[in-house]
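[1] after the sequence you'll find the predicted model.
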Amino acid sequence: MNGSANVVTISPTLFASFRALRRLVRNPMEAWPEAVYREKLVVTYMFGRKTLFVTDPDMVQQVLVDDPDSFVKAEPMRRALEPALGQAILTAEGARWRMQRRVAAPVFRPGNVAGFVPAMILAARAMREQWAALPDGAKVDVPHEMMAVTFDIILETMLSGRGDIDAASVDRNMRDFLESTSWAVALSALGAPLWTPFPGKRRSERAHRYLRQMVAGRVDERRRTGERRDDLLSLMLDAKDPDTGEGLSDSSIRDNILTFVAAGHETTALALTWTFYLLSRHPDIEQRVLNEIAHVTRGAMVEAEHLPLLAYTRQVVMESMRVYPPVAMVVRQPTREMVIGGVTATPATNVFIPIYAIHHHKLLWEKPELFDPDRFAAESVKERHRWSYLPFSAGPRICIGMGFALIEAVAILGTLLPAVRLEAAPGFIPTPKLRVTMRPKEGMVMAKKARVSGPAAPHMEAFCA
Ligand code: HEM
């Protein structure tokens, strides 16, 4: 290993062995060099391919923000995602991407997102009722429950309702599909052709067939009936490319709807799952959240108008996404020769932005392992480099659903937390596992404990007097 001024080059042999391949497939984060948590730039070779781990915020800015046309989404990620999502907004590049982003943008403008809040609160209240009916000590499969509630919300807001789509089947098929993605990434690193078999390939193909058919039914039905709703699907059906005057093809609409359903529920569900875990380990912080909710709602249920006032609750969600970012890495590939931190990158170079490592970086965060929502108080945020926190990425390809996700997470947490306390098993420490998104490897089953007296628990009285 050699290096200077926070640039470290790691010997090519590290990523050349069969063991390294196994580690990469099992959990790519375990294959990251340890140096990514303390150096600004780590240069390594993954199975012969030059790979840069960029953790310095100025360099991140260069790649994601300042010169986005010189860095496209990298082949390994496209190879992992395109079989299910085609060339939709998440995976497309250039003019094709721009047109799709332009079509979807109005749905995510703040004024429009505000119109989705009642659907978010309704779904959260239905879950609150289900949880309230559980006996004390009942086991709650938190990721599963959070997927169910965010899935309802995404279908209600993007497709005007669930129809006959079954959340449990979608959850299962999503997982089967995502499981295969680390093989796609590893095989791409090896330069193996697309047809190369790998364990679970058939299951994954079955899963994307299922997911694509699920949305195809909804698109066909809308086309057939000509019905127009105030949702993403209708916008996509009516969209025209301003340059060519052409509409989006049915297959492009299907790919996009599936992308929004997939990208728009699993991520928020994971953010909430990790938040419940962290709160169960930090009762003092949980109490502060409860106090804030009680103060703002005066002991009633959370309503849309309360959400902008739940500042600390929002800080908790943001800090939780620092500790456990639902998307732990984005990957880019230069379109031409570029120099990053003094190191040359060519179109054959992988440029990794390891969000999880940036969020735990020793040069960027004091006591990075500590869960401390006060880091997101306005005055603390001002002191940091903007790109040291990237749960939604940055630049033109920044998550289009960022505002939606933050409001949704606060609405769900604000509705559920005053009714139910979730307790992680004593001594349980989850292992983050990367499958495009970052899940707890062991799952997250927690025990339900009722709060003393529902929304108007004793701690609220001080604020409601
Ligand atoms: C906590 C929740 C969420 C997190 C952490 C998250 C994170 C991200 C990240 C990191 C990216 C960039 C990926 C890359 O550059 O490779 C992204 C893109 C995207 N996200 Fe999200 N996301 C969340 C919620 C949502 C929601 C609710 C929606 C839609 C309703 C959504 C839709 C999308 C789409 C369509 C893209 C692609 C944008 C483009 O390339 O133009 N996301 N998200």
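    Thanks, I have it. Numbers count the residues shown, from 1 in each chain.

[2] okay, and the residue of the stretch 151-300 of the chain found nearest the ligand sits in which element?
    Closest approach between the stretch 151-300 of the chain and the ligand, counting by C-beta to the nearest ligand atom: residue 264, at 2.9 Å. Backbone N, C-alpha and C define where each C-beta goes, glycine included. Here residue 264 sits within helix 250-281, counting by DSSP states H and E.

[3] average pLDDT across that helix?
    Helix 250-281 carries an average pLDDT of 93.

[4] which other residues reach the helix or strand where residue 312 lies?
    Take DSSP H and E as the rule and residue 312 turns out to sit in helix 311-323. For helix 311-323, the external contacting residues (C-beta atoms under 8 Å, 6 or more residues apart in numbering) are 271, 274-275, 278-279, 285, 288-289, 292-293, 359-360, 365, 369, 371-377, 389, 391, 406, 409-410, 413-414.

[5] before we move on, the earlier item: tilt between the helix holding residue 264 and helix 311-323?
    Here helix 250-281 runs at an angle of 100 degrees relative to helix 311-323 (axes from the mean of the first three to the mean of the last three C-alpha atoms, to 10 degrees).

[6] tell me the first helix or strand C-terminal of helix 250-281.
    helix 283-297.

[7] pull the CA atoms of that following helix into CSV?
    Extracted in CSV, the C-alpha atoms of helix 283-297 (Å, rounded to 0.1, in the frame of the first residue of the first chain):
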residue,chain,number,x,y,z
PRO,A,283,-34.5,6.4,24.7
ASP,A,284,-33.5,10.0,25.5
ILE,A,285,-33.6,11.0,21.9
GLU,A,286,-36.9,9.1,21.4
GLN,A,287,-38.3,11.0,24.3
ARG,A,288,-37.3,14.3,22.7
VAL,A,289,-39.1,13.3,19.5
LEU,A,290,-42.2,12.4,21.5
ASN,A,291,-42.1,15.7,23.4
GLU,A,292,-41.8,17.6,20.1
ILE,A,293,-44.8,15.7,18.6
ALA,A,294,-46.9,16.3,21.7
HIS,A,295,-45.9,20.0,21.8
VAL,A,296,-46.7,20.6,18.1
THR,A,297,-50.0,18.5,18.0
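
[8] tilt between that helix and helix 250-281?
    Using the same axes, to 10 degrees: helix 283-297 against helix 250-281 is 110 degrees.

[9] off-centre distance for helix 283-297?
    Its chain's C-alpha centre and that of helix 283-297 lie 25 Å apart, by C-alpha atoms, centre = their mean, to the nearest Å.

[10] how about stretch 275-287?
    Its chain's average C-alpha position is 21 Å from that of stretch 275-287, according to C-alpha atoms, centre = their mean.

[11] does it come close to the ligand?
    No - Stretch 275-287 stays clear of the ligand (C-beta under 6 Å from any ligand atom), getting no nearer than 10.1 Å.

[12] any idea how far residue 152 is from the residue of the stretch 151-300 of the chain closest to the ligand?
    Distance of residue 264 to residue 152, given as C-beta to C-beta, to the nearest Å: 12 Å.

[13] how about the nearest residue to the residue of the chain found nearest the ligand, chain neighbours excluded?
    Among the residues of the chain, residue 401 lies nearest to the ligand; the distance is 2.2 Å by C-beta to the nearest ligand atom. With C-beta to C-beta, 6 or more residues apart in numbering as the criterion, residue 401 has its nearest non-adjacent residue at 5.3 Å, and that residue is residue 264.

[14] I'd say the one you found and residue 404 touch.
    Yes - because the distance of 7.3 Å satisfies C-beta atoms under 8 Å, residue 264 is recorded as touching residue 404.

[15] write out the residues of the stretch 301-450 of the chain neighbouring the ligand.
    326, 327, 330, 391, 392, 393, 397, 399, 400, 401, 404, 405.

[16] mind telling me what element the last one is part of?
    Meaning residue 405. Going by DSSP H and E, residue 405 is in helix 402-416.

[17] in contact with the residue of the chain closest to the ligand, which residues?
    So residue 401 contacts 108, 260, 263, 264 (C-beta under 8 Å, 6+ apart).

[18] at 10 Å what do you get?
    Contacts for residue 401 (C-beta atoms under 10 Å, 6 or more residues apart in numbering) come out as 104, 107-108, 113, 154, 158, 260, 263-265, 267-268, 392, 408.

[19] over to residue 160?
    Residues near residue 160 by C-beta under 10 Å, 6+ apart: 119, 218, 222, 227, 229, 230, 231, 232, 233, 234.

[20] now, those that are in helices?
    The helices, defined by DSSP state H, take in 119, 218, 222, 232, 233, 234 from the contacts of residue 160.

[21] and the residue nearest to the last one when sequence neighbours are not counted, how many neighbours?
    By that I understand residue 234. Nearest non-adjacent residue to residue 234, counting by C-beta to C-beta, 6+ apart: residue 228, 4.8 Å away. For residue 228, the neighbour count with other C-beta atoms under 10 Å is 12.

[22] also the one 10 residues further on?
    If you count neighbours by other C-beta under 10 Å, residue 238 ends up with 11.

[23] wait, it sits on residue 226?
    No - assessed by C-beta atoms under 10 Å, residue 238 is found out of contact with residue 226, at 11.1 Å.

[24] residue 436 against residue 91, yeah?
    No - Residue 436 is not in contact with residue 91 according to C-beta under 10 Å; the separation is 11.6 Å.

[25] which residues do those two both contact?
    In contact with both residue 436 and residue 91: 77, 80, 81, using C-beta under 10 Å, 6+ apart.

[26] now stretch 94-108: average pLDDT?
    The model assigns stretch 94-108 a mean pLDDT of 89.

[27] over to stretch 440-460?
    Average pLDDT, stretch 440-460: 73.

[28] with stretch 183-201 instead?
    On average, stretch 183-201 scores 78.

[29] contacting residues around it?
    By C-beta under 10 Å, 6+ apart, the surrounding residues in contact with stretch 183-201 are 15, 20-26, 28, 31, 46-49, 51, 74-83, 176-177, 179-180, 182, 204, 207, 331, 350, 434-436.

[30] what sits closest to the residue nearest the centre of the chain if chain neighbours are left out?
    Central residue of the chain (C-alpha atoms, centre = their mean): residue 267, 3.3 Å from the mean position. Distance criterion C-beta to C-beta, 6+ apart; nearest residue to residue 267, sequence neighbours excluded, is residue 326 at 4.4 Å.

[31] just checking, that neighbour touches residue 435?
    No - under the criterion of C-beta under 10 Å, residue 326 makes no contact with residue 435, lying 11.1 Å away.

[32] contact partners for residue 257?
    Contacts of residue 257 by C-beta under 10 Å, 6+ apart are 88, 158-159, 212, 214-216, 218-219, 231-233, 236.

[33] got a winner among those for most neighbours?
    residue 88 (27 neighbours).

[34] state whether residue 187 is indeed within a strand.
    No - counting by DSSP: H, G, I helix; E, B strand; the rest coil, residue 187 falls outside a strand, being helix.

[35] so what's the residue count around it?
    20.

[36] any idea how far it is from residue 33?
    21 Å.

[37] for the closest residue to residue 412 other than its chain neighbours, helix, strand, or coil?
    Nearest non-adjacent residue to residue 412, counting by C-beta to C-beta, 6+ apart: residue 124, 4.5 Å away. Using three-state DSSP, the structure places residue 124 in helix.
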